[in-house]
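**Q** With the sequence up front, the predicted model follows.
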Amino acid sequence: MTGDNTPNAENIVLDELGEKTGTVIEMTYVAGADLATKMSTLAASDSLPDLFSIGGNDAQEFIDAGLLYDLTGLEDKAPNWFGNASELIPQMPLNQDGLYVIPTGEIGWANNLNIRTDWLENLGMEMPTNLDELYAVYEAFTNGDPDGNGQDDTFALCASAEPRSFESIFGAYGIPVSSDIVLEDGTVSKWVKHPRFLEAIQYIRSLIDGGFVEPDWLTIPNMDMFGKLWNGVAGAIEWECVGPTNNWYPSRYTEDPLPTFGFAVIEGPYGDKGVSPKLANLNSGWAISAKTENIDAVLRVADYCCTEEGNDMLYLGVEGVMFEWTDKEAGEYEMLGEYADSSVQRANGGFCYNWLCQPAVDCEFRTLNEQTREGVELAWDNMIVDGVVNCYDNLQSRTDYGSDMDQVINEMYVALLQAGSDDELQGIYDEYMNRWETEAHGAEWEQEITEWYNDHQ
């Protein structure tokens, strides 16, 4: 496995996992940056581990070389693992000629527009539902003394040069940020070719020009941006609500009383609303070495890890030793003794292995507080999926020119937001998109992905 923790090579979580599954487990745990090199070395020396994660071109190369176990016909031996994402398994290109890679089915957190409700209450305002109301709230958060301290020391929106900082605004124009979309003529292209893209840019520019957005949005690092929210300077952020209302709450916030948040869904002038989708990963998952000596034991481990009980243990630790439930239905627990120190918890195996064959609905989600769980589901319910293309094959043009295409789009986005006037936007847009199509080979990629899309509808 890969991760950014440092569990002891032998620890009580691995011991308990072995006890629960009747196995002896040896875990090789490496830093993420070292994983590809480690896997290549193991493959070259014919010493792959029994169970490991893999995806993309590496997975296909391993299949072609006969290094992965074909699991066809073994579904009954691991019903939880195979059943967890059963509808995705046959969709995976890696499984077209056998059953080699099992996906997790996890789709990740979508973004929310998190807005301080205590500031809204102080100002006598309601949660905004459209762009006009959002502008009024952002103006009041910036100029209306929402914290009541009599000083001009607040602004509305935490933001950076990442377009997802304005995801709900793009969504209000029907634009799923960073997604591939089908255009009106049937061509598949990037989100910036949406016909309302420049309208959304104009609205965002009005927020920046009004002083409602992080002044250093172009260069600010994420942690510094978050600090503006934690320290009571900013009143809103487009981010996964798991941060503002759960993981950061209450320890990250400096105010007393603590801030309170709610989640806004903003409707645009054409009736659109939503956020960019999180799509299932159809190009990676967990696989078993073709040379495993005990397939039944490996399947027992994978299946147990994909149960609620197993994932609870991998995420929190050994129940009764490292933690105990105080209200399991509500996802509330207490870490015990020395394991309340996260470094001790992780040294003993807690949290370090939580994504090992994890279920789609995992312990992390089940232990979120009630408001955050509702926020996560709200974001999922409002993901923009119509017209979005999820290409799960490795297109050659993307491999060859992807970084060049992305760089041109990123440069264009910043140039548009920094333009002297709205009258300049179309010219800037046309210039960069011409570069994208020609110099960055975007037109070549459009042709390849459109052909792929038409073949896979």
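**A** Received, thanks.
**Q** Verify the contact between Glu448 and Asp400 for me.
**A** No - if you go by Cβ atoms under 8 Å, Glu448 and Asp400 don't touch, sitting 10.3 Å apart. In short, each C-beta sits where N, CA and C put it, glycine included.
**Q** So for these two, which residue has more residues nearby?
**A** Glu448 (18 against 13; other Cβ atoms under 10 Å).
**Q** quick one: secondary structure of the more buried one?
**A** Following DSSP: H, G, I helix; E, B strand; the rest coil, we place Glu448 in the helix state.
**Q** which residues sit in contact with it?
**A** Glu448 is in contact with Leu395, Gln396, Ser397, Arg398, counting by Cβ atoms under 8 Å, 6 or more residues apart in numbering.
**Q** again, only this time at 10 Å
**A** Val188, Cys391, Asp393, Leu395, Gln396, Ser397, Arg398, His441 (Cβ atoms under 10 Å, 6 or more residues apart in numbering).
**Q** neighbour-wise, which of those leads?
**A** Ranking these using other Cβ under 10 Å puts Val188 first, with 23 neighbours.
**Q** where along the stretch 151-300 of the chain do the strands fall?
**A** Applying DSSP state E, counting those that start in this stretch to the stretch 151-300 of the chain gives strands spanning 155-158, 180-182, 188-190, 234-239, 261-264, 284-288.
**Q** coming back round to it: name the residues contacting each of Glu448 and Asp400.
**A** In contact with both Glu448 and Asp400: His441, using Cβ under 10 Å, 6+ apart.
**Q** Residue ranges in the stretch 351-457 of the chain under the pLDDT threshold?
**A** Within the stretch 351-457 of the chain, the set of residues satisfying pLDDT under 70 is empty.
**Q** residue nearest the centroid of this structure?
**A** Gly108 (4.6 Å; Cα atoms, centre = their mean).
**Q** contacting residues around the closest residue to it other than its chain neighbours?
**A** Once flanking residues are discounted, Gly108 sits nearest to Lys278: 4.4 Å by Cβ to Cβ, 6 or more residues apart in numbering. Neighbour list for Lys278: Glu106, Ile107, Gly108, Trp109, Ala110, Asn111, Glu240, Ala379, Trp380, Met383 [criterion: Cβ under 10 Å, 6+ apart].
**Q** The fifth one touches Glu240, doesn't it?
**A** Yes - taking Cβ atoms under 10 Å as the contact criterion, Ala110 and Glu240 are neighbours in contact, 7.3 Å apart.
**Q** circling back: please report the distance of the residue nearest to Gly108 from Leu51.
**A** 26 Å (Cβ to Cβ, to the nearest Å).
**Q** Grab the longest helix from this structure for me.
**A** Of all the segments of type helix in the chain, defined by DSSP state H, the longest one is helix 396-417.
**Q** Which neighbouring elements make contact with that one?
**A** strand 188-190, helix 197-209, helix 425-437, helix 442-456 (3 or more Cβ pairs under 10 Å, 6 or more residues apart in numbering; DSSP states H and E).
**Q** Serialize those to CSV and add fields for distance to Arg300.
**A** Shown next, in CSV, are the helices and strands packed on helix 396-417 (distance: least, Cβ to Cβ, whole Å):
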stretch, distance to Arg300
strand 188-190, 43
helix 197-209, 51
helix 425-437, 50
helix 442-456, 35
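**Q** So which of the ones you listed is the most surrounded?
**A** strand 188-190 (a mean of 22; mean count of other Cβ atoms under 10 Å).
**Q** so what does that strand touch, helix or strand wise?
**A** Short answer (3+ Cβ pairs under 10 Å, 6+ apart): strand 188-190 packs on strand 180-182, strand 388-389, helix 396-417, helix 425-437, helix 442-456.
**Q** isn't Thr326 right next to Tyr333, touching?
**A** Yes - using Cβ under 10 Å, Thr326 is in contact with Tyr333, at 6.0 Å.
**Q** of these two, who's got more company?
**A** Shown here are Thr326 and Tyr333; by other Cβ under 10 Å, Tyr333 has more neighbours (18 against 10).
**Q** Determine the three-state secondary structure at that one.
**A** Strictly by three-state DSSP, Tyr333 counts as strand.
**Q** And the pLDDT at it?
**A** Looking at Tyr333, its pLDDT is 96.
**Q** Just list whatever residues bridge to it.
**A** For Tyr333, the beta-bridge partners under DSSP bridges are Trp325.
**Q** That one and Gly320 touch, don't they?
**A** No - in this structure, Tyr333 is not within contact of Gly320 by Cβ under 10 Å, at 11.5 Å.
**Q** Val385 is in what secondary structure piece?
**A** Using DSSP states H and E, Val385 is not contained in any helix or strand.
**Q** Rebuild the helices and strands packed on strand 188-190 as TSV, extending it with distance to Lys193.
**A** Converted to TSV, these look like this (distance: least, Cβ to Cβ, whole Å):
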stretch	distance to Lys193
strand 180-182	7
strand 388-389	12
helix 396-417	10
helix 425-437	7
helix 442-456	9
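**Q** Leu316: which of the ones you listed is closest?
**A** Among these, strand 388-389 comes nearest to Leu316, with 34.8 Å by Cβ to Cβ.
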